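Participant: what's the 3D shape of this:
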Amino acid sequence: MSQNVITLYDIPSNTPQPWAPNIWRIRFILNYKRLPYRTVWIELSDVENTLRSIGAQPASMRSDGQPVYSLPVIIDPLRPNTQTVVLSRVEKIVEYLESTYPARPIFPEGSRALQILFVHWIHEVLTKPLLPILVPLSHQRLPERSQAHFTAASGHPQLGPQDRELAWRAAKDQFAFLASVMDKNRGDIAADGIVVMGRNVSYADFALCSVLIWIEQVAPRDGWARVRTWNDGRWDSLKARCRDFMDVY
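Facilitator: Numbering: from 1, shown residues only. Here you go, the predicted structure:
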């Protein structure tokens, strides 16, 4: 069966669930679209060799011209009348899954541009104050062999208690702004005010919930314990709305 399902590559950790938010975005979509898949776990030290061996494209290029290989990556043997597809970069994978498997769309008609802009804001603004907190904690959750390869952690040294509290305060401000924007949906009779598009979950919710999972998995006591109470428990409610699509196969 494993040869006839989509393969999603992810990194192992010592958390109860995977934590990498970009990979969670893809897992949410696979679950939501009910596409059969399996997760293959690879240590960070093995990512480049593994991705080269399956013919995956690099995610980016360094300033010296050397390729950078990173996750998520999928292999799709299911696409009819074509060769097996190997895809890297989260944005390309999202677009591919939506166009190739249009049933149960993650972009309701007319919403694609706004949702992509919303997800860009999550990535570039909402998560910015979280990075100095969560990146070092993510490093600690990796197996020892992978920690040396998690080079992003070197740019975010462990914060002291005062700086960490300031970072959480800045994150709370960003979540409060987001809540105020999403509250504008409450005036629509068809909206419940929890999900981005009003009533039904969509790609924007999966991107946001991927960040919530990251917080919960790497900072359950110092982080998620506080975030889940912000804005009258809105983010805990959003995570509950996405729970049906959080299986790990």
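
Participant: so where's the protein uncertain?
Facilitator: 1-3, 79-82, 150-156, 188-191 (pLDDT under 70).

Participant: other SSEs contacting the longest helix anywhere in it?
Facilitator: Ranked by number of residues, the top helix in the chain under DSSP state H is helix 161-182. Other helices and strands packing on helix 161-182, by 3 or more Cβ pairs under 8 Å, 6 or more residues apart in numbering; DSSP states H and E, are helix 131-141, helix 225-227, helix 230-241. Every C-beta, even on glycine, is put in place using the N, C-alpha and C of the backbone.

Participant: For the longest one, give me every contacting residue.
Facilitator: Same thing as helix 230-241. With contact meaning Cβ atoms under 8 Å, 6 or more residues apart in numbering, helix 230-241 is reached by 172, 175-176, 179, 182, 194-195, 201, 205, 208-209, 212-213, 216, 227-229.

Participant: Surely S202 is in contact with P108?
Facilitator: Yes. In this structure, S202 is within contact of P108 by Cβ atoms under 8 Å, at 6.2 Å.

Participant: for stretch 121-130, which positions count as buried?
Facilitator: W121, I122, L126, T127, P129, L130 (16 or more other Cβ atoms under 10 Å).

Participant: Show me the helices in the protein, by range?
Facilitator: Counting by DSSP H, the segments of the chain that form helices are 21-32, 47-53, 90-100, 112-121, 131-141, 144-147, 161-182, 203-218, 225-227, 230-241.
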